[in-house]
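here is my input, please return the structure:
(one chain, ligands or ions: 4)
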Amino acid sequence: MMKMAMSLILMLLFTLLFAGFEADALTYDYSASIECLENPWKPLYDGGIIVNPELNLGLEGWHPIGDAKIEHKQSALGNKFIVARGRNQSFDGASQKIYLKKNMIYAFSAWIQVSQGKAPVTAVFKTTTGAQHAGAVVAESKCWSMLKGGLSVDESGPAELYFESDNISVDIWVDSISLQPFTQKEWSSHQEQSIQKIRNTNMRVQAVDAEGNPLPNATISISQKASGFPFGCAINKNILNNQAYQNWFTSRFKVTTFEDEMKWYSTEPSQGREDYSVADAMLNFAQQHGVAVRGHNVLWEDPQYQAGWIYNLSPSDLYNAAVRRLTSIMTRYKGKLIAWDVVNENLHFSFFESKLGATISAYIYKLAGGVDSRTPLFLNEFNTIEDSRDGKSVPVKYLGKLREIKGFRGNGDLNIAIGLESHFGVPNIPYVRASLDTLAAAKVPIWITELDVLSNPNQAQFLEQILREVHSHPAVNGIVIWGAWKPGGCYRMCLTDNNFKNLPTGDVVDKLLREWGINKAFEVSTDSEGFYESSLPHGDYEAKITHSTLFESSPGHTFKVTSTSSSKQQSMPVVLQVPA
Ligand SMILES: *[C@@H]1O[C@H](CO)[C@@H](O)[C@H](O)[C@H]1NC(C)=O
Ligand SMILES: *[C@@H]1O[C@H](CO)[C@@H](O)[C@H](O)[C@H]1NC(C)=O
Ligand SMILES: *[C@@H]1O[C@H](CO)[C@@H](O)[C@H](O)[C@H]1NC(C)=O
Ligand SMILES: [Ca+2]
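Ligands and ions are numbered 1, 2, ... in the order given. From the prediction side, this is the model:
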């Protein structure tokens, strides 16, 4: 009898259920264009609170500021738009007065064209407390470019939207403007909806016995063995001899980046004397604990962070040394890493470019692809989603560099990816989302590579807001926090104190690990038909089933939850059999 009861087939039925939508929330529009188009799209959200967003009502709602004259024009195809000419100062142009409300989150977009050549154009909101940059684009002549951005405000009050360009010799054309307010609740519901869609799959599980009879009131113990979403934290060599640090780290993360230990100045402090011992030991540690490692970095364009001997090299010696460096580290760790940051911070700095020519970066990516063609080759840059005022690295500039590298002869098939460092001060969350929308249009992998928040009274709260935003964004493929521990203080943000007790930032990480189901273990009961139904985060799972008719728990059975687990089929049963 016991044997009969134990000889049991357990069946898990996985059914895709469509994620429920909250009826009261206006859906967020993640779309963005990075092409320069003959005609602009219709304004998102029908323009939101912008008056006359398509310019179909003459100049209604719009007025000039500064010395500019504004005109209503029409294309040969009948599209109407606004032209600001006679510009004499950067902010001269077309403008609209609006009223912004405290605690609302504003998604902004507009289509821009300039009268000749190319010029950077920024959308600015002048509020009672100052001027906020909502987003920027490099506009072109003869076609329309989409500017996507956003803002939130601290105080309710009147504001003025205008478009700024330092190049006063161009006319600025504007069309299809949109400003859509969202409540915080709506904004969070976009994140929840997105997570249900992209990170989770709704699963239906059924436990049945050997005869196929449902097992009601069975206990299923489910534990996640590996998360489908890579979420990690940087480490440094302090972890090698610190058991408390090791325990804290390995109980949380399966992804890491070495803070400095793979950098050129660390592995070749004096010319020709390479020393990979620390990086090797850290990689060994990571591999022992099943932790994947990002390779950081092959070359770094910041002149401040070169080994002393580099500065005195002639251009040809520098070139040879750089190629030797690339070949050395990439050959050593080829196939052992999940990413390479190849030319670090190339939008802000140009140590190698200034000495070896403007195309050297693209050429370095080509060499990198030659050594390791399988591992993604990242650009890695700061301020792209953090700071709308940093004209060097706004999304449109990032995409320009990406195009330059991919467009270099022989680079067409390279596995290029976008690394966003994400060193935040005060985050502008709608700008983060809009910037990711724009970057996503390049259709390459995007990672948040060095996330931290400057020390301030809201540090932990800001960290949580940013993590929620980037984790829920459909274009983000992984996140690494820049919190490698040092006894004298971390780079900008620690997650623990020196006894590896969580700081508030560490508590935020633990809360989100739980919420995102990373390493989660839980028990559920089947219903009267033997079913259990839930939305599970993507990953590898183990399940054990306990039932009153069973002598002992079924041994662990593994299953995977992925976005394609359920595919188009209504259900995909997984049969698990307890051995007799
Ligand atoms: C441009 O600005 C200067 C200084 O403000 C002013 O004197 C001049 O009249 C302006 N030009 C036009 C065309 O408005
Ligand atoms: C302004 O833009 C025009 C057209 O692209 C260009 O010829 C000119 O050099 C630019 N001026 C400045 C100061 O960048
Ligand atoms: C379900 O199982 C639990 C213990 O596993 C037991 O206490 C409970 O009475 C059972 N309920 C039913 C309805 O069988
Ligand atoms: Ca129009």
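
count of neighbours near Gly489?
For Gly489, the count of nearby residues is 11 (other CB atoms under 10 Å). Bear in mind the C-beta positions are built from the backbone N, C-alpha and C, glycine included.

tell me the buried residues in stretch 217-235?
Neighbour counts over stretch 217-235 (16 or more other CB atoms under 10 Å) mark 218-222, 224, 227-235 as buried.

just stretch 206-215 next, same as before
Judged by neighbour count (16+ other CB under 10 Å), stretch 206-215 contains these buried residues: Gln206, Ala207, Val208, Asp209, Pro214, Leu215.

now do stretch 357-369
Using 16+ other CB under 10 Å as the test for burial, stretch 357-369 gives Ile360, Ser361, Ala362, Tyr363, Ile364, Tyr365, Lys366, Ala368, Gly369.

now do stretch 549-564
Within stretch 549-564, the residues that qualify as buried are Leu550, Ser554, His557, Phe559, Val561, counting by 16+ other CB under 10 Å.

follow-up on the earlier one: can I get the buried residues of stretch 206-215 in CSV with secondary structure, distance to ligand 4 and pLDDT?
Listed next are those as CSV, based on DSSP: H, G, I helix; E, B strand; the rest coil; distance: CB to the ion, whole Å; pLDDT from 0 to 100:
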residue, secondary structure, distance to ligand 4, pLDDT
Gln206, strand, 55, 83
Ala207, coil, 59, 84
Val208, strand, 60, 80
Asp209, coil, 66, 80
Pro214, strand, 60, 85
Leu215, coil, 62, 86
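
with respect to Gly483, which of those residues is nearest?
Gly483 lies nearest to Ala207 out of the buried residues of stretch 206-215, by CB to CB, at 41.2 Å.

these two touch, right, that closest one and Thr549?
No. Shown here, Ala207 and Thr549 do not form a contact pair, counting by CB atoms under 8 Å, at 11.0 Å.

can you pull the residues that touch both of those two?
Contact criterion CB atoms under 8 Å, 6 or more residues apart in numbering; residues shared by Ala207 and Thr549: Leu215.

what's the residue in the stretch 251-400 of the chain that ligand 2 sits nearest to in contact with, if anything?
Of all residues in the stretch 251-400 of the chain, the one sitting closest to ligand 2 is Gly391 (12.5 Å; CB to the nearest ligand atom). Counting by CB under 8 Å, 6+ apart, Gly391 touches Pro120, Thr122, Ala136, Lys397.

same check, this time on Ser152
Counting by CB under 8 Å, 6+ apart, Ser152 has contacts Asn103, Met104, Ile105, Tyr106, Asn428, Ile429, Pro430.

ok, these vs ligand 4, which is closest?
Nearest to ligand 4 out of the contacts of Ser152 is Tyr106 (CB to the ion; 21.1 Å).

beta partners for the closest one?
Taking DSSP bridges, one finds Leu151, Pro181 as the beta-bridge partners of Tyr106.

count the residues that sit near it.
Applying other CB under 10 Å, we find 25 residues neighbouring Tyr106.

if I look at it, how far off is ligand 2?
Plainly put, Tyr106 is 30 Å away from ligand 2 if you go by CB to the nearest ligand atom, to the nearest Å.

spit out the contact partners of the residue nearest in space to the middle of the chain.
Residue closest to the mean C-alpha point of the chain, counted by CA atoms, centre = their mean, is Val476 at 3.8 Å. Neighbouring residues of Val476 by CB under 8 Å, 6+ apart: Leu436, Ile446, Trp447, Ile448, Val470.

closest one to ligand 1 out of the buried residues of stretch 206-215, please.
Proximity of these to ligand 1 (CB to the nearest ligand atom) peaks at Gln206, which lies at 75.8 Å.

the closest one against Glu533, yeah?
No. Using CB under 8 Å as the test, Gln206 is too far from Glu533 to be in contact (9.4 Å).

domains of the chain?
As assigned by automatic domain parsing, the chain contains the domains 44-188, 232-515, 521-580.
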